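Peer 1: requesting a structural model of the entry that follows:
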Amino acid sequence: MFLKRITLLHEQIPFYRDYPFSIPIIKNFEELNLKSNVTFFVGENGSGKSTLLEAIADKCGFHTAGGSRNNQYEVHASESPLTKYIRLAWLPKVTNGFFLRAETFYHFASHIDSVEASYAYGGRSLHEQSHGESFLSLFLHRFHGKAIYLLDEPEAALSPSRQLTFLKILHDLTKNDECQFIIATHSPILLGCPDATILSFDNENIEEIKYEMTNHYQLTKNFLQNRERYLSELLREE
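Peer 2: This next block holds a predicted model:
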């Protein structure tokens, strides 16, 4: 592990009514101690998990549309409004790493083409691969030791079988304490990563939660076991 603690600097916040402090969990946030090589942020859309992850990436110097400290390209609204109000504590500090944002990965892939750096991603343009293939090319060829990786919904482009492939990559990269991952996800498959810490953003404060207690696991399990009942209730005409 490299990043040990994230602290919100409340004394520097001018107005709590403005975004992102209008998000309850961000407003109430004090300090978060990280204790695993893999940490998951889980919660409903709009709960604040991606907002906090983006601020961490920005504070690390990573491009907030996707990339590392060495990837510089123009994308609208790329600065996180939360960045200047958080403090990161490291032991030791690392500068190598990457921020993946699924929704803006196209811009990163275009940047890689513009600087002719596809050799670092398997030798093929990321745009010439399917969305899922390009994500796996990134994970396989760009991710390696002594680094921190911040991933926002990496499952967005991955089929269930490819999510299992990524789970194996995640395990291999962290088993010798070579890498640290913080991942915002909705995937019950990825959340099954052994020895990971799962932090729920679904209430007014961030809380550690067991895998089987996540809404993602419970809803998926109940749907698969009771599909006909779920569909009957969901599609019932009023």
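
Peer 1: let's verify Leu88: helix, strand, or coil?
Peer 2: For Leu88, the assignment made with DSSP: H, G, I helix; E, B strand; the rest coil gives strand.

Peer 1: residues near the closest residue in space to it that isn't next to it in sequence, how many?
Peer 2: Excluding its sequence neighbours, the residue lying closest to Leu88 (C-beta to C-beta, 6 or more residues apart in numbering) is Lys59, at 5.5 Å. Just so you know, the C-beta spots here come from the backbone N, C-alpha and C atoms, and that holds for glycine as well. Residues contacting Lys59 under the criterion other C-beta atoms under 10 Å number 18.

Peer 1: looking at this, Lys59 is in a helix?
Peer 2: Yes - inclusion of Lys59 in a helix is indicated when three-state DSSP is applied.

Peer 1: in this structure it contacts Trp90, no?
Peer 2: No - counting by C-beta atoms under 8 Å, Lys59 sits too far from Trp90 to count as a contact (10.7 Å).

Peer 1: picking up where we left off before, name all residues that make contact with the residue nearest to Leu88.
Peer 2: Counting by C-beta atoms under 8 Å, 6 or more residues apart in numbering, Lys59 touches 83, 86, 88.

Peer 1: what segments of this structure are helices?
Peer 2: All helices of the chain, identified by DSSP state H, fall at 24-27, 49-60, 105-114, 131-141, 160-174, 215-225, 227-234.

Peer 1: tell me the most buried of those helices?
Peer 2: Burial among the helices of the chain, expressed as mean neighbours by mean count of other C-beta atoms under 10 Å, is greatest for helix 49-60, which shows a mean of 23.

Peer 1: worst-scoring helix or strand of the protein, pLDDT-wise?
Peer 2: Evaluated with mean pLDDT, DSSP states H and E, the helix-and-strand set of the chain has its lowest mean pLDDT in helix 105-114, which scores a mean of 71.

Peer 1: what is the neighbour count of Asp18?
Peer 2: 10.

Peer 1: need the pLDDT of it.
Peer 2: Per-residue confidence for Asp18 comes out at a pLDDT of 89.

Peer 1: distance check, it against His10.
Peer 2: Applying C-beta to C-beta, to the nearest Å, one obtains 14 Å for the distance of Asp18 from His10.

Peer 1: one more: Ala184?
Peer 2: Taken as C-beta to C-beta, the span from Ala184 to His10 is 23 Å.

Peer 1: most neighbours among the contacts of Lys59, which one?
Peer 2: When the contacts of Lys59 are compared by neighbour count (other C-beta under 10 Å), Ile86 ends up highest, at 20 neighbours.

Peer 1: doesn't His10 make contact with it?
Peer 2: No - using C-beta under 8 Å, Ile86 is not in contact with His10, being 10.7 Å away.

Peer 1: what's opposite Leu199 in the beta bridge?
Peer 2: With DSSP bridges applied, Leu199 shows beta-bridge pairing to Phe41, Glu208.

Peer 1: so who does it touch?
Peer 2: Taking C-beta under 8 Å, 6+ apart, we find Leu199 in contact with 32, 39-42, 206-209.
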